[in-house]
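J.: pasting the structure only:
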């Protein structure tokens, strides 16, 4: 019986490793960034204490993304705070640079170079998809988010996951990394909803499959007076498709 239990635990650990590896890969790929799968699997296995044989060499950037996702899921019941989310965002940019450009890491944006906008298209013909709240409002806006996130969970658990995801990405408090942090925050609430720190299914792979629809529904919600109905319907449907 003891050996059967060991086999069960081994299979659970392997399933959790596979799910977390997939989530780390897709949470970045949604932004157009492809991580090395073996580096992600090795980093995740190392942190979970799962023996997979030879491990790939350490990659500082991969370590940061894996660390964020595991902190969100393995420590899902820990308090959500500015410092915690600052550490997530800083982990995504270990050099403090995005390409050749230096960005603010581990702190809120200050809008010194103008308002935070999500844009696409060539210079001179750019389309503004969304303009985030001004930097001077972020301290109070984030205080309200954390008060709700750490308060009495009166809402349905899965609804809270969708609300947290949307709320954070709407604030867009960082120079970069907002989408990845928002999805990790959503994963944290999904882990709470499951009542388990072990993950066997992630939402990011499903979001990647529906990436165009994902960005479209976010844009419509932000520009449509923040009526949450359509977003929550989309989010819950995507979650159902992910576990089906």
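T.: Good, I have the coordinates. Since the model is a prediction, treat every value here as computed from it, not as a measurement.

J.: Can you verify my assumption that residue 130 contacts residue 118?
T.: Yes - counting by Cβ atoms under 8 Å, residue 130 does reach residue 118; the two are 4.4 Å apart. Where C-beta positions appear, they are placed from N, C-alpha and C, glycine not excepted.

J.: quick one: common contacting residues for those two?
T.: Contact criterion Cβ atoms under 8 Å, 6 or more residues apart in numbering; residues shared by residue 130 and residue 118: residue 172.

J.: From residue 179, how far out is the residue nearest to residue 78 when sequence neighbours are not counted?
T.: Excluding the flanking residues, the one nearest residue 78 by Cβ to Cβ, 6 or more residues apart in numbering is residue 84, at 7.4 Å. Computed as Cβ to Cβ, to the nearest Å, the residue 84 to residue 179 distance reads 18 Å.

J.: Just want to know which of the two has more residues nearby.
T.: For residue 84 versus residue 179, neighbours defined as other Cβ atoms under 10 Å are more numerous around residue 179 (22 against 16).

J.: where are the low-confidence patches of the protein?
T.: Flagging of the chain using pLDDT under 70 yields the residue ranges 1-11, 199-201.

J.: the strands in it, which residues?
T.: For the chain, applying DSSP state E gives strands covering 97-98, 101-102, 117-120, 127-131.

J.: Looking at those strands, which is nearest to residue 174?
T.: strand 97-98 (10.8 Å; Cβ to Cβ).

J.: In its sheet, which strands sit next to the closest one, and in what direction?
T.: In the sheet, strand 97-98 lines up against strand 101-102 (antiparallel) (DSSP bridges).

J.: Would you mind listing the outside residues contacting the partner strand?
T.: Here strand 101-102 has contacts from residue 96, using Cβ under 8 Å, 6+ apart.

J.: chain center to it, what's the gap?
T.: From the chain centre to the centre of strand 101-102 is a distance of 22 Å (Cα atoms, centre = their mean, to the nearest Å).

J.: What residues does residue 82 make contact with?
T.: Shown in contact with residue 82 (Cβ under 8 Å, 6+ apart): 108, 142, 146.

J.: Switch those over to JSON lines; also include neighbour count and distance to residue 27.
T.: Output for the contacts of residue 82, formatted as JSON lines (neighbours: other Cβ atoms under 10 Å; distance: Cβ to Cβ, whole Å):
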{"residue": "108", "neighbour count": "19", "distance to residue 27": "21"}
{"residue": "142", "neighbour count": "18", "distance to residue 27": "21"}
{"residue": "146", "neighbour count": "15", "distance to residue 27": "22"}
